[in-house]
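1. only geometry, no sequence info:
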């Protein structure tokens, strides 16, 4: 049971990190478009 809980925590952590990275990439793309539009 402890191992299963640990795995679930790791998976949740990984999912959160992935979604954060995706948001960062979106912001970077948006900033790049703004700079290129200047």
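-> Everything's here; your move. Quantities reported herein were computed from a predicted structural model and do not represent experimental measurements. Residues are numbered from 1 along each chain as shown.

2. any idea how far stretch 9-22 is from the chain center?
-> Between the centre of stretch 9-22 and the centre of its chain there are 6 Å (C-alpha atoms, centre = their mean, to the nearest Å).

3. buried set for it?
-> By neighbour count with 16 or more other C-beta atoms under 10 Å, stretch 9-22 contains no buried residues. No exception for glycine: its C-beta is placed from N, CA and C like everyone else's.

4. show me the shaky parts of this structure.
-> Scanning the chain for pLDDT under 70 picks out no residues.

5. where exactly do the helices run in it?
-> Taking DSSP state H, the helices of the chain run over residues 2-37.

6. residue 29 and residue 23, how far apart?
-> Counting by C-beta to C-beta, to the nearest Å, the gap from residue 29 to residue 23 is 11 Å.

7. give me the buried positions along stretch 18-34.
-> Within stretch 18-34, not a single residue qualifies as buried, counting by 16+ other C-beta under 10 Å.

8. chain center to that stretch, what's the gap?
-> With C-alpha atoms, centre = their mean, you get 10 Å for stretch 18-34.

9. could you do stretch 1-11 as well?
-> Per C-alpha atoms, centre = their mean, the centroid offset for stretch 1-11 relative to its chain is 20 Å.
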